[in-house]
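*Asks:* how would this look folded up:
(2 chains)
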Amino acid sequence: MINIKFPDGTVKQFEKGITPMQIAQGISEGLARNVLSAGVNGKVQDALIPIEEDADLVLYTWKDKEGKATYWHSSAHLMAEALEELYPGIKFGIGPDIENGFYYDVDFGDYEFTKEDLKKVEKKMIELAKKRQPYIRKEVSKQDALDYFKKKGDEYKIELIQDLNDGEITFYQTGDFVDLCRGPHLPDTKPIKAVKLLNIAGAYWRGDENRKMMTRIYGITFPKKGDLKEYLDMLEEAKKRDHRKLGAELELFMFSDKVGAGLPIWLPNGTLLRKRLEEFLVKEQEEAGYVQVITPHLGKKDLYVTSGHYEKYGHDSFQPIHTPREGEEFLLKPMNCPHHCEIFKHKPHSYKELPIRIAEFGTVYRYEQSGELHGLTRVRGFTQDDAHIFCTSDQLKDEFLAVLELTKKVLSKLGFDKYTAQISLRDPENKEKYIGSDENWEKAEQAIIDATKEVGLETTTELGEAAFYGPKLDFMVRDALGRSWQLGTIQVDYNLPERFDLEYIGADNQKHRPVMIHRAPFGSMERFVGVLIEHSEGKFPLWLTPEQFRILPVSDLYLDYANKVLNELKSKGLRGSIDDRTESVGRKIRDTELKKIPYMLIVGEKEVEDDMVSVRKQGEGDIGKMKITEFADFINNQL
RNA sequence: GCCAAUGUAGCUCAGCUGGUAGAGCAGCUGAUUUGUAAUCAGCCGGCCGGGGGUUCAAGUCCCUCCAUUGGCUCCA
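*Replies:* Got it, this is the predicted structure:
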């Protein structure tokens, strides 16, 4: 007998060799039907693998993310089986589960697989799933595994097997489809009831752009047809929040083929929004002891040779600008740090002046690959809410903490509470990719780790994601479709002070090297506004929104009164306009609702008589009559 | 940059196997002076993304460039 401990802490005895599925059946048939996989001592595995010794057991169902992962991974196999049946001779790369569904990388050889094919594959998958095929696990030797795929002619699987250790290799078979896979999988295909293949895309084999481009097929499956419908509806909803769509509708920004790809043009509404954001940040930063500067949009090539950026990024940047005079070369600035280093350098500094915090809304230009461009979130010209802090190494941690607090504060003021912070460290295997001494790197990495702990920030850590000059902390948020974007960033840099030979005079009357922190709470105005649009669905906070109210006169007869209301509200610092078209009230309301203007003030005969306005809130409807000053207070109290 | 798809009026889209472009909304004009999500009528509007080719004839077929979309790679 063995002891099995359940998540609620109870321990029960079972026969040695019992499977999680049998245990589930002992509890209830209903549970057994829903079990997708099992956690045995913290490891997710097939529900059909016998348990041989005392263990902690969790039974995973659709409700658990582990259960979903198993389900989708098995769905990927089902898709591969369907593909193999429909397109014999194709080769397979990898086919994992992902956050929402799964994909499989396939080499179709000469066949051109298109979207038209997806329906057929979906149908085949359903047909196969209905057969209730078991997922059969087989342990195989490395040699047998290699022989199998050599015979099949699948060089991708062979390459994968070569990296595995003998004795750790398992195959899973569904129907006639055999795949190299460590599992876990569902007991059988029966729970897969609804299938949707979402799209196809190219993906390099093993993520290497020098290797073959395979066809990646993305799909998602559900245990109930209703769940699939709900998911597809959710995707539709998310599309409505897309900042590219809303940005056009609300006339915030535009792009022009003639101006160039990835070069956003801010329209009047968007400019109002952005200016307010900048004002907000300037104020916060002034309070935090920053000084504001303005530097040119270009700099001599030599500046970037000094900084090291030219060597690292020069070949795939916008190329140098040549002047009529021989030998003069300028670069559009891809970052502001070298300029700020020169500002620090322009006069000697005492330790008493440090830390010096130099801030700038610095517009920079980076030649992103054409396929990377994406609305406002990935562009070629953008404005960073940048600042560089020059401090002593003793001050580093406190400064880092202060930046963390500032970043958290401004993000929360804008309604971002769901973000993750990622600590990006050096890849310890590839130290030569980075500049700077081991000692400095370790010090900087430790400062970040300590500071995030101290403010209680939840973090993930990624090795090898650091910038070449130092470790960093990035704030990541998701867009409407769940794609993750980096917003704010804080980076420690020991390198530029060295390269620019920056120094300050210490209390010991000796020269010392300052440490530099690069930081941008929003990252860039463009990306931030893009993500903000998606989060707010275009309904911006009152303090930020370009237009807070619109006055809708019932007819032309009340235009004079409307103007009076407008002037009075403007004098109280509110922003708004009058819809003076000769249209029905219903029409004006509809148009104003669609522009997501927070308040509508309807004025007609009754309002003129009482010297009031009828207030309608966007998305909610009529909220009653108010005196004009009352409305002004009502708004101002919400700011 | 790579794989794939797309590009027709300001916007959303129609245009079958090649035969010289169509709707709704927006805009303009007129009528209506309107009370909480679309008043009615008329009119205007297109080098069918750019260039090249095949053809008697190209929005439709081919090539190429540009842009967009979904991924991959990249992201100082």
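
*Asks:* wait, what's in contact with the residue positioned nearest the centre of chain A?
*Replies:* Per C-alpha atoms, centre = their mean, the C-alpha nearest to the average position across chain A is that of residue A:484, at 1.4 Å. Shown in contact with residue A:484 (C-beta atoms under 8 Å, 6 or more residues apart in numbering): A:476-478. Quick note: C-beta positions are derived from backbone N, CA and C, even for glycine.

*Asks:* Would you show me how to pick out the buried ones of these in ChimeraX?
*Replies:* Those of these that count as buried under 16 or more other C-beta atoms under 10 Å are selected in ChimeraX with:
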select /A:477
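
*Asks:* mean confidence for the longest helix seen in chain A?
*Replies:* As assigned by DSSP state H, the longest helix anywhere in chain A is helix A:65-86. Here helix A:65-86 scores 96 as its mean pLDDT.

*Asks:* Which elements pack onto the helix or strand that comes right after that helix?
*Replies:* Next along the chain after helix A:65-86, taking DSSP states H and E as the criterion, comes strand A:91-92. With contacts taken as 3 or more C-beta pairs under 8 Å, 6 or more residues apart in numbering; DSSP states H and E, strand A:91-92 sits against strand A:101-107, helix A:155-162.

*Asks:* Return the most buried member of the ones you listed.
*Replies:* Of all those, strand A:101-107 has the most neighbours on average by mean count of other C-beta atoms under 10 Å, namely a mean of 22.

*Asks:* partners of that strand, with directions?
*Replies:* strand A:91-92 (antiparallel), strand A:97-98 (antiparallel), strand A:213-222 (antiparallel) (DSSP bridges).

*Asks:* can you list those in a markdown table and add distance to RNA strand B, mean pLDDT and mean neighbour count?
*Replies:* Formatted as a markdown table, the strands paired with strand A:101-107 follow (distance: least, C-beta to the nearest atom of the strand, whole Å; pLDDT from 0 to 100; neighbours: other C-beta atoms under 10 Å):
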| stretch | distance to RNA strand B | mean pLDDT | mean neighbour count |
| --- | --- | --- | --- |
| strand A:91-92 | 15 | 96 | 22 |
| strand A:97-98 | 9 | 94 | 16 |
| strand A:213-222 | 4 | 96 | 21 |
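
*Asks:* So for residue A:426, which of those sits nearest?
*Replies:* Among the strands paired with strand A:101-107, strand A:97-98 comes nearest to residue A:426, with 27.6 Å by C-beta to C-beta.

*Asks:* what comes into contact with that closest one?
*Replies:* Residues contacting strand A:97-98 (C-beta under 8 Å, 6+ apart): A:68-73, A:75-76.

*Asks:* Is stretch A:421-430 in proximity to RNA strand B?
*Replies:* No: judged by C-beta under 7 Å from any atom of the strand, stretch A:421-430 makes no contact with RNA strand B; its nearest approach is 8.4 Å.

*Asks:* for that stretch, which positions count as buried?
*Replies:* Those would be A:421-426, for stretch A:421-430 by 16+ other C-beta under 10 Å.

*Asks:* then it to PDB, C-alphas only?
*Replies:* What follows is stretch A:421-430, C-alpha atoms only, in PDB (Å, rounded to 0.1, in the frame of the first residue of the first chain):
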ATOM      1  CA  ALA A 421       8.400  43.300 -13.800                       C
ATOM      2  CA  GLN A 422      11.100  41.400 -15.500                       C
ATOM      3  CA  ILE A 423      14.700  41.500 -14.300                       C
ATOM      4  CA  SER A 424      17.000  41.000 -17.200                       C
ATOM      5  CA  LEU A 425      20.400  39.700 -16.300                       C
ATOM      6  CA  ARG A 426      23.500  38.700 -18.200                       C
ATOM      7  CA  ASP A 427      23.800  35.300 -19.800                       C
ATOM      8  CA  PRO A 428      26.400  33.700 -17.600                       C
ATOM      9  CA  GLU A 429      27.400  31.400 -20.400                       C
ATOM     10  CA  ASN A 430      28.200  34.200 -22.800                       C
END
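
*Asks:* How far off centre is that stretch?
*Replies:* 19 Å (C-alpha atoms, centre = their mean, to the nearest Å).

*Asks:* now do stretch A:22-37
*Replies:* 37 Å.

*Asks:* Likewise for stretch A:86-99?
*Replies:* With C-alpha atoms, centre = their mean, you get 27 Å for stretch A:86-99.

*Asks:* Under a three-state scheme, what state does the residue of the stretch 101-250 of chain A found nearest RNA strand B occupy?
*Replies:* Distance from RNA strand B to each residue of the stretch 101-250 of chain A (C-beta to the nearest atom of the strand) is smallest for residue A:202, at 2.5 Å. Applying DSSP: H, G, I helix; E, B strand; the rest coil to residue A:202 yields a three-state assignment of strand.

*Asks:* burial measure for it, as a count.
*Replies:* Per other C-beta atoms under 10 Å, the neighbour tally for residue A:202 reads 9.

*Asks:* Contacts only, for it.
*Replies:* A:213-216.

*Asks:* now do residue A:173
*Replies:* Contact analysis of residue A:173 by C-beta under 8 Å, 6+ apart lists A:135-136, A:138, A:179.

*Asks:* That one should be in a strand, yeah?
*Replies:* Yes: Residue A:173 sits within a strand when classified using three-state DSSP.

*Asks:* is it in a bridge, and if so with what?
*Replies:* residue A:136, residue A:178.

*Asks:* who in the stretch 501-639 of chain A is up against RNA strand B?
*Replies:* Proximity of the stretch 501-639 of chain A to RNA strand B, by C-beta under 7 Å from any atom of the strand, involves residues A:518, A:554-557, A:582-587, A:589-590, A:593-594, A:600, A:602-607, A:614, A:616, A:618-619, A:621-622.

*Asks:* Just the buried subset of those, please.
*Replies:* A:518, A:554, A:589, A:600, A:602-604, A:607, A:614, A:616, A:618.

*Asks:* Now the two most distant members of the residues you listed.
*Replies:* Applying C-beta to C-beta across those, the maximum distance is between A:518 and A:604, 56.1 Å.

*Asks:* what's the distance between the closest residue in space to residue A:107 that isn't next to it in sequence and residue A:149?
*Replies:* In space, and not counting its chain neighbours, residue A:107 is closest to residue A:91: 4.2 Å by C-beta to C-beta, 6 or more residues apart in numbering. To residue A:149, residue A:91 is 9 Å away according to C-beta to C-beta, to the nearest Å.

*Asks:* Ok, residue A:201 next?
*Replies:* 25 Å.
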